[in-house]
Structure formats: C-alpha cells, structure tokens
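> quick one, fold the following:
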Amino acid sequence: MILDLFFPNRCLDCNRIIDGNLLVCSLCFEQIHFTHYNYFEDNFIKEKCKLLFPIENTYALMQFSQENLSRKIIHELKYKSREKVGKTLADWTTERLDFKNEKPDLLVSVPLHPKKLKERGYNQLHLFTENLSEFYNIPFDHELIKRNHYSKAQALKDKEHRLETENTFSITKSISGKHILLIDDVFTTGNTLASIAWKILKSKDNKVSVLVMAIDV
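Next comes the predicted model:
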C-alpha cells in the first residue's frame, strides 16, 4: 500500500493513475488494435504460414505497428521487467479465443537461449502460456523445444539475419500424434515458427497451429 501511494500504477499510454492490476486506462484500452481474427478461418498469419509449413489454425491477439499501443505493451513485457504483463495478455486472449471442440493437445512457447534467459530473468512467454493452459485446461511443455544459438532480439536483426533460423532449434524428446499450439510474442517473417514447426512435423502424425500476442503489420 505504501508503494502504491508513492509509486502509483500509471497507464502505459497517457500516464493516468490506474488500478494496480491494469496496464492501461479504459480510454486508452479503446486504442488497442485487436485483430478480431477467427482461429478457424483464413487470416493474414495463416496465409503467411502456408507458404512456410503445413498449418492447421492461427490466431493473433493484437496488431503490432510502429509507435502503436500494442508495441508499447509488448516492449513492457520483453524489455522492462514486467513479466506480469503476460497474464494480462492471456486474460485478453481468453476473452476472445474459443477453441470450441478442437483444442490443441499441447501448448509450446518459443524458448530463449539460456544466456538470454539469464539476462532477462524470465521468458516473456511462460506466464502467458501457463495462464492459457490453466484457463483452457491444456497442458504446456516449456522443455520440448531447445534454442541452440544465442542471438539478438528479432526486432534488432536486419532482414537477412532474420532468415538465418536453420538449426536454431532442436526438439528434446520424441513426440507423436499431437496437435501442438506454438506460441510466440510477435509474428514478423514467420521463420522462427517455421523452424520449430518443421522439427515437430518430422513426425508425420503431428499437427501445428500458431498463436501470437501480436502480428507486425
């Protein structure tokens, strides 16, 4: 309570004092560009993924563009040590995404290299994934995929280096007959997800869907 008095929580956009559990005020919330994608229908991500690997379904929560509020929110999560932003994003997702009777079998988030994990102190996708797991009653596995190489954040890479994803990831255990939902923060080129997807799809009876917090438009 003392911290709240001297360091009140403020809206990420307008700096207005807000409840400690919120990210933005009600007025600024209206400025967030939610995608309104349907998980089961064709959308921009699905069309992109189809060019890279066999895909079942896709969903993005927000649009991520230059200087918009969605970008600020993702950057708070990734670079400002606000891991709890992941729970808020999970809550916004569960309000909008219905798997109906076709829930995936397993939730798998894109891993960080151990060095990057040590630097950041947390994987920005873990709390998000764990909250989705609890809400939808779908198990998650943070250990299934291993990142083999340390690299810059995707946003800091030039286009050429973004394409260098071959052998970046490896699968740590045998898995078959599963529909896996791959989870990432921002969809840019799709090459990171494709690199992981092909590892999973080496077993012919596996299927892959994709869920991201935001899509770069």
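
> now for Ser133, how many residues are close by?
Residues near Ser133, counting by other CB atoms under 10 Å, number 16. Where C-beta positions appear, they are placed from N, C-alpha and C, glycine not excepted.

> which non-adjacent residue is nearest it?
Of all residues not flanking Ser133 in the chain, Phe140 sits nearest, at 4.4 Å (CB to CB, 6 or more residues apart in numbering).

> contact partners for the closest residue to Tyr37 other than its chain neighbours?
Computed as CB to CB, 6+ apart, the closest residue to Tyr37 that is not its neighbour in sequence is Asn43, at 4.4 Å. Asn43 makes contact with 35, 37, 58-60, according to CB atoms under 8 Å, 6 or more residues apart in numbering.

> which helix or strand in the protein has the lowest average pLDDT?
Ranked by mean pLDDT, DSSP states H and E, the helix or strand of the chain with the weakest confidence is helix 159-162, at a mean of 50.

> Ser170 contacts Leu144, correct?
No - judged on CB atoms under 8 Å, Ser170 makes no contact with Leu144 at a distance of 10.2 Å.

> more neighbours: which of the two?
Leu144 (20 against 12).

> if I look at that one, how far off is Ile171?
Note on Leu144: its distance to Ile171, by CB to CB, to the nearest Å, is 6 Å.

> and for Asp141?
From Asp141 across to Ile171, the span is 11 Å (CB to CB).

> next: Ile32.
Look at Ile32 and Ile171: by CB to CB, they are 35 Å apart.

> looking at those two, which is more packed in?
Ile32 (19 against 15).

> return the residues in contact with the more buried one.
With CB under 8 Å, 6+ apart, Ile32 has these contacts: 24, 62, 69-70, 73.

> of those residues, select the buried ones using a ChimeraX command.
Of those, the buried ones can be selected in ChimeraX as follows, counting by 16 or more other CB atoms under 10 Å:
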select :24,62,69,70,73
